[in-house]
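J.: below are the sequence and a predicted model for it; my questions follow.
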Amino acid sequence: MTLMTKTGTEALRVAPDAIEEAAKLLYIRALKVLPDDIKAGFTRLDASETDGTAKAVLATMIENIGVAERTDNLLCQDTGIPIFNVEIGRNVEIDGWALKQAIRRGTERATREHPLRSSVVHPITRSNEHTSCGAHVPVINIDFVEAERVLRLEMIPKGSGSENGSFLQMLIPADGIAGVKRFVIDAAMKAGGKVCPPVIMGVGVGGTSDLCMHLAKVAATRPLGSRCADGEGAKLEALLSEAVNSLGIGPQGLGGDSTAFAVHVEVAATHITMNPVAVNIQCHSARRASATFTPAGVAIGF
């Protein structure tokens with residue numbers, strides 16, 4: 001992996017081949033190693049679970065995590081749709097088109113060289129190129145951050161079990177916060193055990209229909225223990241987390257207290273005559289991996 005930088009206060013330059021190699025490694029890493037915050041979440045749920053069947057299911061999930069890591073195997077056979085979140089800091093020089101192509105090449109290489117089962121098909125013909133790529137896939141989200149001379153690449157493989165648990169409703173202001181709560185609880189009940197709980201339930205509030213859905217996915221893939229930066233959103237997270245875990249859905253939908261690790265909320269300003277709300281769910285195998293490029297080199301983490 002080649003990382004090219006300048007000294008002093010000049011720009012950080014990241015070579016496309018470094019992005020390609022990182023994309024490849026992160027896809028494989030995300031599928032095999034569960035982040036520490038999710039492991040801690042399992043420990044917390046296991047300690048507080050009161051239902052015997054639920055405790056047995058949690059024990060099986062915890063053992064699955066250990067077996068995957070000990071044998072260098074996948075946590076789940078669903079390699080998901082590859083999603084890459086790219087954060088570009090100040091004083092970073094990167095060719096946008098080269099970045100996009102490098103991520104795609106890295107995804108293809110991970111699929112072929114590991115090899116991985118490709119879960120990506122054409123939506124009409126259902127043909128599979130066996131590259132985990134296709135039209136508009138991998139999904140690449142780019143944002144800009146204040147940090148100096150930093151480029152961060154995060155990889156999230158989103159499986160269909162949890163992604164099928166996605167909901168959107170265009171509420172109006174008169175529905176109030178009660179309407180938001182009702183929609184989220186109804187979504188949790190509709191999803192039930194089909195989304196492989198315990199889950200991280202992501203809720204987007206505000207924005208437009210597409211932004212709201214994006215915010216729900218951002219919320220669903222946030223690390224456990226993080227909080228919504230908006231004060232009202234943080235209050236809503238606490239209320240919804242308690243409400244969802246009172247439903248009794250439990251691990252794998254077999255009953256118990258442990259339906260969700262947490263409910264995460266992200267908010268955006270919206271129009272005066274509407275209030276969209278979206279739900280996106282991350283299953284118990286909440287996989288992600290990241291690479292952070294700085295002048296000092298590349299740090300791999302979650």
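T.: Arrived safely, thanks for sending. Residues are numbered from 1 along each chain as shown.

J.: CA atoms for contacts and neighbours, from now on please.
T.: Noted.

J.: list the contacts for Gly134?
T.: Val120, Val121, His122 (C-alpha atoms under 8 Å, 6 or more residues apart in numbering).

J.: among those, the buried ones, what's the PyMOL command?
T.: Only the buried entries of the contacts of Gly134 go into this PyMOL selection, using 16 or more other C-alpha atoms under 10 Å:
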select buried, resi 120+121
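
J.: strands - which of the contacts of Gly134 land there?
T.: Judged by DSSP state E, strands contain none of the contacts of Gly134.

J.: for the most centrally placed residue in the chain, list the residues it contacts.
T.: Centroid-nearest residue in the chain: Thr221, 3.0 Å away (criterion: C-alpha atoms, centre = their mean). Contact partners of Thr221, counting by C-alpha under 8 Å, 6+ apart, are Ile156, Ile200, Gly202, Gln282, Ala286.

J.: how about those residues in JSON lines, adding distance to Gln252?
T.: Below are the contacts of Thr221 laid out as JSON lines (distance: C-alpha to C-alpha, whole Å):
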{"residue": "Ile156", "distance to Gln252": "22"}
{"residue": "Ile200", "distance to Gln252": "13"}
{"residue": "Gly202", "distance to Gln252": "18"}
{"residue": "Gln282", "distance to Gln252": "13"}
{"residue": "Ala286", "distance to Gln252": "14"}
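
J.: which one of those residues is nearest Ile177?
T.: Gly202 (16.4 Å; C-alpha to C-alpha).

J.: find me the pLDDT at that closest one, would you?
T.: Looking at Gly202, its pLDDT is 98.

J.: that older thread, how close does the residue nearest to the centre of the chain get to Gly192?
T.: Between Thr221 and Gly192 the computed distance is 19 Å (C-alpha to C-alpha, to the nearest Å).

J.: tell me who's in contact with the residue lying closest to Asp37 once chain neighbours are set aside.
T.: Among residues not flanking Asp37 along the chain, Leu224 sits closest, at 5.7 Å (C-alpha to C-alpha, 6 or more residues apart in numbering). Contact partners of Leu224, counting by C-alpha under 8 Å, 6+ apart, are Asp37, Ile38, Gly41, Phe261, Ala262.

J.: helix/strand/coil for Leu224?
T.: coil (DSSP: H, G, I helix; E, B strand; the rest coil).

J.: before we move on, the earlier item: just give me the closest of the contacts of Leu224 to Arg109.
T.: Of all these, Arg109 sits closest to Ile38, with 27.4 Å by C-alpha to C-alpha.

J.: all strands of the stretch 201-302 of the chain, in order?
T.: 260-268, 275-282, 289-294, 297-301 (DSSP state E, counting those that start in this stretch).

J.: now the helices for the protein?
T.: Secondary structure of the chain (DSSP state H): helices at 16-32, 36-48, 52-70, 96-113, 160-163, 176-191, 209-220, 231-245.

J.: export those helices to a markdown table and tack on mean neighbour count and distance to Glu129?
T.: Shown next, in a markdown table, are those (neighbours: other C-alpha atoms under 10 Å; distance: least, C-alpha to C-alpha, whole Å):
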| stretch | mean neighbour count | distance to Glu129 |
| --- | --- | --- |
| helix 16-32 | 24 | 17 |
| helix 36-48 | 16 | 32 |
| helix 52-70 | 16 | 27 |
| helix 96-113 | 19 | 10 |
| helix 160-163 | 19 | 18 |
| helix 176-191 | 16 | 30 |
| helix 209-220 | 23 | 26 |
| helix 231-245 | 17 | 39 |
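
J.: so where's the stretch 151-300 of the chain uncertain?
T.: Judged by pLDDT under 70, the stretch 151-300 of the chain has no weakly predicted residues.

J.: show me what contacts Gly207?
T.: The neighbours of Gly207, taking C-alpha under 8 Å, 6+ apart as the test, are Val267, Ala268, Ala269, Thr270, His271, Asn275, Pro276.

J.: run a quick neighbour tally on the second one.
T.: Neighbour count of Ala268, defined by other C-alpha atoms under 10 Å: 15.

J.: now swap in the last one and tell me
T.: A count of neighbours around Pro276, defined by other C-alpha under 10 Å, yields 24.

J.: mind listing what the closest residue to it other than its chain neighbours touches?
T.: Counting by C-alpha to C-alpha, 6+ apart, Met170 is the residue found nearest to Pro276 once chain neighbours are left out, at 4.3 Å. By C-alpha under 8 Å, 6+ apart, the residues touching Met170 are Ser209, Met274, Asn275, Pro276, Val277.
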